[in-house]
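# Okay, sequence plus prediction incoming.
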Amino acid sequence: MNDTAHALSASRTLWELVARRADLTPDRPVLLQGDRTLSFGELRDRAERVAAGLYDMGVRPGTVVAWQLPTRIETALLSFALARLGAVQSPVIPFYRDREVGFALRESKAEYFAVPGEWRGFDHTAMARRLGAKGVFEAYDVLPDGDPAVLPAPPAEGTSVRWIYWTSGTTSDPKGVLHTDRSLIAGGSCLAHALRLSASDVGSMAFPYAHIAGPDYTVMLLLYGFPAVMFEHFALPEALAEYRRHGVTVAGGSTAFYSMFLAEQRKRPAEPVVPTLRLLAGGGAPKPPEVYHSVVREMGVQLTHGYGMTEVPMITMGAPDDTAENLATTEGRPPEGMEIRIVDGEVRLRGEAVCQGYLDPAQSAEAFDEDGFLITGDVGHLTESGHLVLTGRLKDVIIRKGENISAKEIEDLLHRHPAVGDVAVIGLPDADRGERVCAVVEQPPGAGELTLAVVVSYLREEGLSVHKLPEQLEVVDALPRNETLRKVLKYKLRERFSERAGGAGAVGPDPAP
């Protein structure tokens, strides 16, 4: 991290970080969207006017304001306006509907709720009214506006809880994760330090700004003084024109995004899909080594992958100057100040970027051990060089006849097969074995038929132990994913196939009697 970025990372609050960057480079762009450009100076000045408009509406320091808005310049302005006021903001992913939104509004006790109106065919205002939300206002093209002279002083400290983020709801309700300005600055500083970016770079936000990655990424822009292109709706190849138009040098999001760029590159192998692109970076989902090697080999760019979660936005990150082996097989190293402890194979975390807990005190009590380390539920180990290797989730450890099997080990091997586009390996209940190994495969376009016998034969040739071989194969048109970082939702696959006796490859014989 350069000296300027290091000094800025010491900012006590997000608003202080905005103000200091605006003083340094007021005319440099920070956000690009279509034909619009927002500079660092405009971010500060316009956010103050929006803050004044919110103040006139009754928003005060400590007021809880929920917002469910797409990735737009206006969304960033509203969020930083709330940071200027010292309000408590609760971002909600714009794809969530009545159940998740209603839960977030009730649990956070939101006094105001900002929505985009009708967006992508769905009426968010009508949903808000249906849910009985308080203080509903639309914030899409038009934001509250007022005279900054009415504003109280900005918040002086960044250690109070001013952010409530929501974990993805699966079979249970989401959890409200409590963050401070300082924890978000710490997470963004980790990302910025690892990627070794400069003021000449151009980034991109292809994920929902309401995701924890929103402030994580924006902090990086503020520290280094470079812009990012915002995508209200991301899809390839449609978005490529904007990448090329703005000369994006850094792109990514998660493993699914890498695969999408690869698919576009393969349409015209001789032409760089984005000529200015030099780095793909992201996290939020497992990265098979084969994906890393394919990106470097076919796209001619570097790929760095990291490890983060809603509770800790950035834990480790691969660095561009790491070895190819480390970039392919690890999640990178933690920054200074992030402690990683491995307890019985489980990853535990302590540091400034770690959240303050959950809205529910009982959930907080269960989340931390006696030494204050967050219990992640992820399984992994540290190498001699300090790189973190993740081998899966505790719930992704398949226990077959008393033997532990890593789903990720099998997935990484199957990713190398040409008839496999993406794969999720799950454990399914089995009366005889406890759990049986099931591989659920999404095939690339034009791939030939894939059978259980082919999969088992291939894995045997790759040297996989007999007791780990899949006993069931399911071929699907598309793996179920969330709408944020396109992470595969394995719980939906378990629900779908738990009671099924067969599928595309049916259930094979017990490979290890």
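Received, thanks.

# show me where the stretch 401-513 of the chain has strands.
403-406, 422-430, 434-442, 472-476, 506-507 (DSSP state E, counting those that start in this stretch).

# Can I get the first one in CSV, CA atoms only?
To tie it back to what came earlier, the one meant is strand 403-406. The C-alpha coordinates for strand 403-406 follow below in CSV (Å, rounded to 0.1, in the frame of the first residue of the first chain):
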residue,chain,number,x,y,z
GLU,A,403,-15.0,-41.7,6.7
ASN,A,404,-14.7,-37.9,6.1
ILE,A,405,-14.8,-36.9,2.4
SER,A,406,-14.0,-33.4,1.1
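
# What lies in contact with it?
Under the contact criterion C-beta atoms under 8 Å, 6 or more residues apart in numbering, strand 403-406 has outside partners 379, 391-392, 396-399, 427, 437, 467-468. All C-beta atoms are positioned from the backbone trio N, CA, C, and that covers glycine.

# Kindly reformat the strands of the stretch 401-513 of the chain as JSON lines containing mean neighbour count, mean pLDDT and distance to Met299.
Below are the strands of the stretch 401-513 of the chain laid out as JSON lines (neighbours: other C-beta atoms under 10 Å; pLDDT from 0 to 100; distance: least, C-beta to C-beta, whole Å):
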{"stretch": "strand 403-406", "mean neighbour count": "16", "mean pLDDT": "81", "distance to Met299": "28"}
{"stretch": "strand 422-430", "mean neighbour count": "21", "mean pLDDT": "91", "distance to Met299": "18"}
{"stretch": "strand 434-442", "mean neighbour count": "22", "mean pLDDT": "92", "distance to Met299": "21"}
{"stretch": "strand 472-476", "mean neighbour count": "21", "mean pLDDT": "96", "distance to Met299": "27"}
{"stretch": "strand 506-507", "mean neighbour count": "16", "mean pLDDT": "62", "distance to Met299": "37"}
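
# related to what we said a few turns ago, the contacts of strand 403-406, buried ones only, as a PyMOL selection?
To isolate the buried members of the contacts of strand 403-406 in PyMOL, using 16 or more other C-beta atoms under 10 Å:
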select buried, resi 379+391+392+396+397+398+427+437+468
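
# Mind checking the strands of the stretch 401-513 of the chain for the one nearest to Val456?
Nearest of the strands of the stretch 401-513 of the chain to Val456, taken as C-beta to C-beta: strand 472-476 at 8.6 Å.

# Strand 434-442 and the closest one, what's the angle between them?
Relative orientation of strand 472-476 versus strand 434-442 (axes from the mean of the first three to the mean of the last three C-alpha atoms, to 10 degrees): 30 degrees.

# Please name every helix or strand in contact with strand 472-476.
strand 434-442, helix 452-461, helix 490-497, strand 506-507 (3 or more C-beta pairs under 8 Å, 6 or more residues apart in numbering; DSSP states H and E).

# Domains in this structure, by residue range?
What automatic domain parsing lists as the domains of the chain is 15-24+39-180, 401-507.

# These: which one's closest to Pro334?
domain 15-24+39-180 (18.3 Å).

# ends of that closest one, how far apart?
For domain 15-24+39-180, the first and last residues are 12 Å from each other (C-alpha to C-alpha, to the nearest Å).

# shift numbering so it begins at 714
Got it, first residue is 714 now, which makes that one domain 728-737+752-893.

# Now do it, average pLDDT.
Mean pLDDT, computed over domain 728-737+752-893, is 95.

# buried stuff in the longest helix anywhere in the chain?
Ranked by residue count and defined by DSSP state H, the top helix of the chain is helix 753-770. Within helix 753-770, the residues that qualify as buried are 753-757, 759-768, counting by 16+ other C-beta under 10 Å.
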